[in-house]
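Peer 1: What shape does this take:
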Amino acid sequence: MAGAVNPDSVSTGARAMFFMITPNESSFQKVEDVPQYVQQATPFFIGLMVLELVVGFLKTGAPVVTLSDGLTSVSAGMISRIPLLFMRGCELTAYMFVWDRYRLLELPWDSAWTWWIVFLGVDFCYYWVHRLAHEVSFIWAAHQVHHSSEYYNLTTALRQSLTQQFTSWIFYLPMALIAPPAVFAVHIQLNLLYQFWIHTELIKNLGPLEWVFNTPTHHKVHHGRNSYCIDKNYGGILIIWDRLFGTFTAEKEKVVFGLVSPINTFEILYVQLHYYLYLGRRSTTFKSIGDKCLTFINGPSWKPGKPRLGDHLDNPKLTGQEVPHYPNWSLPLQMYVIIHFLLALGTYQDVFDNKMTLSQFNMLGMTGYVLLTITSMGFLVDQRPRASVLEMLRCVLMATMQRYGYMKPLLPTLAVTTQAFVSLSLLYWALRSFSQMFSIRKKTD
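Peer 2: This next block holds a predicted model:
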């Protein structure tokens, strides 16, 4: 039946999240034949996040995720995928380039041995990608996005960096000398998918599996800012690399999540880019060229006279009573943000669904609208002074896109309602902006 859900695709998407796919069903000769496992698993991302929310509330009596933090995490995930609209992923592109020109050996693509070798190779390389992302400041500037949440739940898994993909590809290139790109394309997705479900506090110790696999308890430690948690448990699927290389630690006292110095904002561009600006400012405080360069190459805690990775004793002391940053914003504003975020999410999905038929101009315009929306939502959550003006301008763009058919309603039956809602939003923020401008002018007179 047309439009029916393929049961095999559903089954594959669910099992891919837990690395339960066999070599026989996931070995392909050509990269073009490799399924989009991440895309197939999207409904399960949503389902598991809802399940975590329900179970967490029943278990603790409180939500495991806040609206402000959850929307920021999802927004970061959206931003991280935008480069895929304009180019193939850096990791696969670079891998295929090296394979086509410099491969030394060609392992058979249809061999189970090849499949398992590539699994181990990808996971081993990921360990070093991840470890260097914590030990080299300019790479940490990208990776810190993932650690910026002060909560630990499944939405945190989506909090990804826009820029990290532009450096991570380097670490996988040695595998391109022997392993076919199609097998690599399978495992780079499976490795990513596995790491989604381990971002939760609801799953406790898994017994003997804890010795071999990365689990929620191990990765929970990795997201902590306690002294014993920092620079530990880098593994992707397997925790054995951490045990081999001395970077493993078990959970001890209560884990406090987030960055050593919390950023206390939900403005998405700041979340993504603030550490680059910080490194630039920090480098100017040093006199020698060497120290300026080492600011970007050594660890985030490094200072002149300190070891390469710095000294964590200089980090702020924790009491275990720390409370995550939580803005006090009204329920109507929360509902407003949710509705407009969902409208932008619909446009975002339309861009990806139709990227082969959209012109570059239309794709850039629709992408710009999505970026402006999630930025403006962050301003509203933070209650910035300029939030009204930015939201007014965004509503102008949204009304224009709606007028020319580039923005769809949440449901076809809500087309008229959505149009009226957009118009009322524009009117409200225009009045609010003009009122603020007159108030400022009155104070200066």
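
Peer 1: separation between Thr417 and Ser425?
Peer 2: Noted for Thr417: a distance of 12 Å to Ser425, by CB to CB, to the nearest Å. Heads up, the C-betas are built off the backbone N, CA and C, glycines and all.

Peer 1: Of the two, which one has the most company?
Peer 2: Taking other CB atoms under 10 Å, Thr417 and Ser425 do not tie; Ser425 has more neighbours (19 against 12).

Peer 1: Which residues are in contact with the closest residue to the more buried one other than its chain neighbours?
Peer 2: Once flanking residues are discounted, Ser425 sits nearest to Cys395: 5.0 Å by CB to CB, 6 or more residues apart in numbering. In this structure, Cys395 makes contact with Val422, Ser425, Leu426, Trp429, Ala430, judged by CB atoms under 8 Å, 6 or more residues apart in numbering.

Peer 1: Taking those, tell me the two that lie furthest apart.
Peer 2: By the measure CB to CB, Val422 and Ala430 form the most distant pair in these, at 12.5 Å.

Peer 1: More neighbours: which of the two?
Peer 2: Counted by other CB under 10 Å, Val422 and Ala430 do not tie: Val422 has more neighbours, with 20 against 17.

Peer 1: Can you say which helix or strand has that one in it?
Peer 2: Assigned by DSSP states H and E, Val422 falls within helix 415-444.

Peer 1: Run through the neighbouring helices and strands of that helix.
Peer 2: Counting contacts by 3 or more CB pairs under 8 Å, 6 or more residues apart in numbering; DSSP states H and E, helix 415-444 is packed against helix 331-353, helix 387-403.

Peer 1: and it with helix 331-353, angle?
Peer 2: Put simply, helix 415-444 runs at 120 degrees to helix 331-353, going by axes from the mean of the first three to the mean of the last three CA atoms, to 10 degrees.

Peer 1: gap between helix 415-444 and the chain center?
Peer 2: Put simply, helix 415-444 sits 32 Å off its chain's centre (CA atoms, centre = their mean, to the nearest Å).

Peer 1: Stretch 192-205 now?
Peer 2: 15 Å.

Peer 1: could you give the mean pLDDT of it?
Peer 2: Throughout stretch 192-205, pLDDT has a mean value of 95.

Peer 1: same check, this time on stretch 19-31
Peer 2: Summarised as a single mean, pLDDT over stretch 19-31 is 93.

Peer 1: could I get that stretch in CSV with only the CA atoms?
Peer 2: The C-alpha trace of stretch 19-31 is given here as CSV (Å, rounded to 0.1, in the frame of the first residue of the first chain):
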residue,chain,number,x,y,z
PHE,A,19,24.1,-1.8,17.7
MET,A,20,22.0,-4.9,17.1
ILE,A,21,22.5,-5.1,13.3
THR,A,22,24.3,-8.1,11.9
PRO,A,23,27.1,-8.0,9.2
ASN,A,24,24.8,-9.9,6.8
GLU,A,25,22.1,-7.2,6.7
SER,A,26,24.5,-4.2,6.8
SER,A,27,27.2,-5.0,4.3
PHE,A,28,27.1,-3.0,1.1
GLN,A,29,29.4,-2.6,-1.9
LYS,A,30,28.6,1.0,-2.7
VAL,A,31,28.3,4.0,-0.4
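
Peer 1: buried ones in it?
Peer 2: Neighbour counts over stretch 19-31 (16 or more other CB atoms under 10 Å) mark Ile21, Pro23, Ser26, Ser27, Phe28, Val31 as buried.

Peer 1: Pick out whichever of these sits closest to Leu244.
Peer 2: Pro23 (24.7 Å).
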